[in-house]
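**Student:** Sequence and predicted structure are below.
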Amino acid sequence: MPAHSRPGFPKAPPPRGPNSPRIPSFYRPRPSATPPLTGPRLRSALPARKIVGLLSELRPQQMFLRAVSSGLTSLFRTPGLAAVTAMSTGTFVQLDPLNYRDGARVEPVDSSGTEKAFEPATGRVIATLQCSGETEVHLAVKSAKAAFEIWRKKSGMERGQVLLEAARLIKEQKDAIATMETINNGKSIFEARLDIDTSWQCLEYYAGLAASMAGEHVQLPNGSFGYTRREPLGVCVGIGAWNYPFQIACWKSAPALACGNAMIFKPSPFTPVSALLLAEIYTKAGAPPGLFNVVQGGAATGQFLCQHRDVAKVSFTGSVPTGMKIMEMSAKGIKPVTLELGGKSPLIIFSDCDLEDAVKGALVANFLTQGQVCCNGTRVFVQKEIIDKFTKEVVKQTQNIRIGDPLLEDTRMGPLINGPHLERVLGFIKSAKEEGATVLYGGEPYEPTDPKLKHGYYMTPCILTNCRDDMTCVREEIFGPVMSILPFKTEAEVLERANDTTFGLAAGVFTRDIQRAHRVAADLQAGTCYINNYNVSPVELPFGGYKKSGEEVGMHKPATVASAATPVFLSL
Ligand SMILES: NC(=O)c1ccc[n+]([C@@H]2O[C@H](COP(=O)([O-])OP(=O)(O)OC[C@H]3O[C@@H](n4cnc5c(N)ncnc54)[C@H](O)[C@@H]3O)[C@@H](O)[C@H]2O)c1
Ligand SMILES: O=CCc1c[nH]c2ccc(O)cc12
């Protein structure tokens, strides 16, 4: 995958043994007290690992999206989703049901209230979702269980074929999906397209793995032998955050489905629309009805899902506080969890770096998706010798970032997700000033000139200096476009300060000294470490966190080192 400005990698766990392929953690490691290997039902004499499943039944479907454009309602089928690309900001309304069960959009049978989803660019309501109640969650699980019974019996090759076809459909509808993502999330169309690329790439990657996930044959004394099988877990739940709505749905479902599981996905109530497109694509690609269901709602719906008796695993992307709750609930059900949580990542810029690249890296590390990226490098440590030069250049380039209508081709920064979040981010800037930081640039609400954007949630990207390690803006995840610049003198000092955090999602280092680059990367307590780059996201690499940024990843570092590429420039 070309290096570009997209963050994150799909989850793939560390290899389980010297010969094990890298496979996702959606299989059941099976400790079984097994009978001898006799009779028609040979069973493993060893703890088994199983994975399996698919169906290539194509079902005709009637899926509609309703767009209200300039007061006129146009109705078009999903294949005509391409029409969405022609949409402009301020026109889209989603009126169709937002749950997906048994291969079709449905309204939930019960709900615990409604939530409104906005178009952040304009502040308009684009959808009102029903928060699914316990009965609806139960129906979704029941439907997924039935699909699982079909899917788990398919070969890896068959499952891979469905995933490949789904990847092809995503590619075919890339512009339309990206447009909808931009409308609902506010990220620039330029970025949204890159997200859709890493979405179909993820499906292709796991499609390729599906056929080769195999058990082991183990020779035992006296001509006896044992073998292991990889078995799917069953119905898995995916719970997503709002910053990469479509991509998160893909990154959670692709490995789960490849291993033979079914998935129920709950998007963030802020971004409910694009997961439905994925559900429709899976159905069209030949997945059995129920294999990928979508239930909408907030915390209460999420709880019903996590606590459901027939849910085998929960894969969660979101904040640390919610992650803790998910882990608690899952512990009560003895369910495995994958947690992809927040961060406050360090970006270390040594004086021997290529300054031009380091400046670009800092922009990419801070301002993608309006700074609403989990692995952003928001603590920018710059070696004293170059800090003035670096700061001057980073401010200059930040001033050039085009803020505005996210559907316009040359926009590089759209609105934040919603009003309360914008207020929260501005609140962090206020407290930074109170604690002694200096705002060198930005950090103000912004009103684009286009009158239709008047009620959108825009702000200017912010650069803070005179920061100290103990300030709130340096310690807490802001999840907005706020970069804190911190001076440092030596490698040892900066390493200690960089690691002095309860998070550990990512880190970056810019230097021309190759030995230092790898030495520093090895000592940074972070799941991902970028060298002379930031926020690239090859789907082949794992993505996980140290400390409170994520799940237990075992006794070794999941580190990924992406190097030797130039960061993509954010401003035009
Ligand atoms: N590490 C990663 O891979 C990654 C990726 C994207 C976002 N994030 C993190 O996500 C956060 C921003 O996302 P957010 O604001 O949507 O996070 P959030 O924790 O508020 O919500 C995430 C999801 O959890 C659901 N939820 C909330 N309470 C729940 C509960 N009690 N039980 C079950 N589900 C519940 C929400 O409805 C939503 O779907 C940031 O901290 C960011 O760093 C991490
Ligand atoms: O926001 C953090 C990194 C990220 C970007 N896209 C995805 C998708 C799925 C994840 O679990 C994390 C991320």
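**Tutor:** Perfect, thanks for sending it. Numbers count the residues shown, from 1 in each chain. Ligands and ions are numbered 1, 2, ... in the order given.

**Student:** so who does the closest residue in space to residue 294 that isn't next to it in sequence touch?
**Tutor:** Among residues not flanking residue 294 along the chain, residue 100 sits closest, at 4.0 Å (CB to CB, 6 or more residues apart in numbering). No exception for glycine: its C-beta is placed from N, CA and C like everyone else's. Contact partners of residue 100, counting by CB atoms under 8 Å, 6 or more residues apart in numbering, are 106, 275, 276, 279, 280, 292, 293, 294.

**Student:** How about residue 146?
**Tutor:** residue 290 are the contacts of residue 146 under CB under 8 Å, 6+ apart.

**Student:** And it, what's its pLDDT?
**Tutor:** The score at residue 146 is 98. That number is its pLDDT.

**Student:** again, but for residue 9
**Tutor:** 29.

**Student:** ok, back up a step: could you pick out which of the contacts of residue 100 are located in helices?
**Tutor:** 275, 276, 279, 280 (DSSP state H).

**Student:** Quick check: the two most widely separated of these?
**Tutor:** Taking CB to CB as the measure, those span a maximum distance of 9.9 Å, between 275 and 280.

**Student:** Tell me which of these two has more neighbours.
**Tutor:** Between residue 275 and residue 280, counted using other CB atoms under 10 Å, the more crowded position is residue 275 (28 against 24).

**Student:** And the pLDDT at the more buried one?
**Tutor:** 98.

**Student:** how near is it to residue 485?
**Tutor:** 37 Å (CB to CB, to the nearest Å).

**Student:** quick one: which of the ones in helices among the contacts of residue 100 is nearest ligand 2?
**Tutor:** Of all the ones in helices among the contacts of residue 100, ligand 2 sits closest to residue 275, with 12.6 Å by CB to the nearest ligand atom.

**Student:** my guess is the closest one meets residue 238, correct?
**Tutor:** No - here residue 275 lies out of contact with residue 238, judged by CB atoms under 8 Å, at a distance of 9.1 Å.

**Student:** Need the overlap of contacts for these two.
**Tutor:** With CB under 8 Å, 6+ apart as the test, residue 275 and residue 238 both reach 249, 265.

**Student:** Surely residue 191 and residue 372 touch.
**Tutor:** No - using CB under 8 Å, residue 191 makes no contact with residue 372, being 11.0 Å away.

**Student:** Identify the contacts common to these two.
**Tutor:** By CB under 8 Å, 6+ apart, residue 191 and residue 372 have no common neighbours.

**Student:** the more surrounded of those two?
**Tutor:** Taking neighbours as other CB under 10 Å, residue 191 and residue 372 compare with residue 191 leading, 28 against 23.

**Student:** In terms of helices and strands, where is the more buried one?
**Tutor:** helix 189-210 (DSSP states H and E).

**Student:** Surely residue 440 is in contact with residue 464?
**Tutor:** Yes - the criterion here is CB under 8 Å, and residue 440 meets it with residue 464 at 7.0 Å.

**Student:** excluding its backbone neighbours, what's nearest residue 97?
**Tutor:** Using CB to CB, 6+ apart, the closest residue to residue 97 is residue 105 (4.2 Å).

**Student:** Residue in the stretch 251-400 of the chain with the shortest distance to ligand 1?
**Tutor:** Going by CB to the nearest ligand atom, ligand 1 is nearest to residue 302 of the stretch 251-400 of the chain, at 2.3 Å.

**Student:** Could you give the number of residues near that residue?
**Tutor:** Neighbour count for residue 302, taken as other CB under 10 Å: 26.

**Student:** Quick check, it in contact with residue 238.
**Tutor:** No - using CB under 8 Å, residue 302 is not in contact with residue 238, being 10.7 Å away.

**Student:** quick one: common contacting residues for the two?
**Tutor:** residue 266.

**Student:** Enumerate the residues of the stretch 151-300 of the chain near ligand 2.
**Tutor:** Contact residues, the stretch 151-300 of the chain versus ligand 2 (CB under 6 Å from any ligand atom): 243, 244, 247, 248, 251.

**Student:** Which of the residues you listed fall in helices?
**Tutor:** Checked against DSSP H, those include these in helices: 247, 248, 251.

**Student:** List the buried residues for stretch 303-313?
**Tutor:** Within stretch 303-313, the residues that count as buried by 16 or more other CB atoms under 10 Å are 303, 304, 305, 306, 307, 308, 311, 312, 313.

**Student:** Check stretch 161-178 too.
**Tutor:** Quick answer for stretch 161-178 (16+ other CB under 10 Å): 161-167, 169-171, 173-178.

**Student:** Now find how far off-centre it is within its chain.
**Tutor:** 18 Å (CA atoms, centre = their mean, to the nearest Å).

**Student:** what's next to that stretch, contact-wise?
**Tutor:** In contact with stretch 161-178 (CB under 8 Å, 6+ apart) are residues 54-56, 81-85, 189, 192-193, 195-197, 199-201, 203-204, 206-207, 210, 246, 250, 254, 257-258, 274, 277-278, 281-282, 284-287.

**Student:** quick one, which residue of this structure lies the farthest from its center?
**Tutor:** Computed with CA atoms, centre = their mean, the residue of the chain farthest from its C-alpha average is residue 222, at 50.1 Å.

**Student:** How about the secondary structure of that residue?
**Tutor:** At residue 222 the chain is in helix, as set by DSSP: H, G, I helix; E, B strand; the rest coil.

**Student:** how far away is it from residue 228?
**Tutor:** As judged by CB to CB, residue 222 and residue 228 stand 20 Å apart.

**Student:** Please enumerate the shared neighbours of residue 440 and residue 464.
**Tutor:** The contact lists of residue 440 and residue 464 share residue 485, where a contact means CB under 8 Å, 6+ apart.

**Student:** of those two, who's got more company?
**Tutor:** Taking neighbours as other CB under 10 Å, residue 440 and residue 464 compare with residue 464 leading, 26 against 18.

**Student:** Count the neighbours of the nearest residue to residue 461 once chain neighbours are set aside for me.
**Tutor:** Leaving aside its chain neighbours, residue 461 sits nearest to residue 481 (3.9 Å; criterion: CB to CB, 6+ apart). Per other CB under 10 Å, the neighbour tally for residue 481 reads 27.

**Student:** Give me the pLDDT for residue 481.
**Tutor:** So residue 481 comes in at 98 (pLDDT).

**Student:** Not counting residues beside it along the chain, what's closest to the residue most central in space within the chain?
**Tutor:** Geometric centre of the chain, nearest residue: residue 248, 3.8 Å, by CA atoms, centre = their mean. Of all residues not flanking residue 248 in the chain, residue 240 sits nearest, at 4.1 Å (CB to CB, 6+ apart).

**Student:** I figured the one you found hits residue 272, correct?
**Tutor:** No - if you go by CB under 8 Å, residue 240 and residue 272 don't touch, sitting 10.1 Å apart.

**Student:** residue ranges of the strands in the stretch 201-350 of the chain, please?
**Tutor:** Along the stretch 201-350 of the chain, the segments classed as strands by DSSP state E, counting those that start in this stretch run 217-219, 225-227, 235-239, 262-266, 292-294, 311-317, 337-340, 346-349.

**Student:** Paired strands for the second one, with orientation please.
**Tutor:** For strand 225-227, sheet partners with direction are given as strand 217-219 (antiparallel), following DSSP bridges.

**Student:** same thing with the longest one?
**Tutor:** Applying DSSP bridges, strand 311-317 is found paired with strand 235-239 (parallel), strand 337-340 (parallel).

**Student:** For the longest one, give me every contacting residue.
**Tutor:** What it means is strand 235-239. With CB under 8 Å, 6+ apart, strand 235-239 has contacts from 26, 141, 144-145, 148, 248-249, 252-253, 256, 261-266, 302, 305-306, 308, 310-318, 326.
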